[in-house]
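Engineer: no FASTA, just this:
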Ligand code: URA
């Protein structure tokens, strides 16, 4: 059995790797957005709204993300949004290391197929999962690091989780600036990628 069995292209059709998540999920929540997007956002795991609708970031965090994307000149249909783990953990707990690693081949395949200019990690869990180190998200938001993902070196932009701005309004400016940076890297404001500047 290959690492991505059960995955039709970008979509995971069926998966039984995590017994807890098989029980807690209503459905598998695959990534959403164009398969050739320049920007790929990676969150932690679906919450209750995402689990019910089958689409990532459709709750309050999704509203915050949508608003900032719009202000940065992007719409949700311009970007791809996915999660480290595609099934809702029970009681919204953090995904375990095993669950993260069980789902990792699907994420790697998605990154490989989408081939984005920039991967934006939304929050601590995806930041640490993709950078494979401790991440202090509040102080590191907006920083870019190159790491091997989906078979090649990629730019990873560390970003706060949109929910952080709901708990602490003082984080709004940093979140906004990071989303603007993602849009700039992907060339949304000038038509040309400005990766070299970061
Ligand atoms: N938070 C996440 O990390 N992912 C979602 O899909 C929704 C909220």
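Structural biologist: Structure received. Predicted, not measured: the structure shown is a model, and the values here were computed from it.
Engineer: all strands of the chain, in order?
Structural biologist: Secondary structure of the chain, counting by DSSP state E: strands at 7-8, 11-12, 39-43, 80-83, 118-122, 144-149, 152-159.
Engineer: okay, those, which one's buried deepest?
Structural biologist: A comparison of the strands of the chain by mean neighbour count, using mean count of other CB atoms under 10 Å, puts strand 39-43 on top with a mean of 28. For the C-beta atoms, the positions are set from N, CA and C on the backbone; glycine is no exception.
Engineer: that one pairs with which strands, parallel or anti?
Structural biologist: Sheet pairing here is set by DSSP bridges, and for strand 39-43 it gives strand 80-83 (parallel), strand 118-122 (parallel).
Engineer: out of the ones you listed, nearest to the ligand?
Structural biologist: For the ligand, the closest of those is strand 80-83, at 4.9 Å, according to CB to the nearest ligand atom.
Engineer: whatever residue of the chain ends up closest to the ligand pairs with what?
Structural biologist: Residue of the chain nearest the ligand, by CB to the nearest ligand atom: residue 43 (2.9 Å). Assessed by DSSP bridges, residue 43 has beta-bridge partners residue 83.
Engineer: make JSON lines out of the strands paired with strand 39-43 and add distance to the ligand and mean pLDDT.
Structural biologist: Output for the strands paired with strand 39-43, formatted as JSON lines (distance: least, CB to the nearest ligand atom, whole Å; pLDDT from 0 to 100):
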{"stretch": "strand 80-83", "distance to the ligand": "5", "mean pLDDT": "98"}
{"stretch": "strand 118-122", "distance to the ligand": "6", "mean pLDDT": "98"}
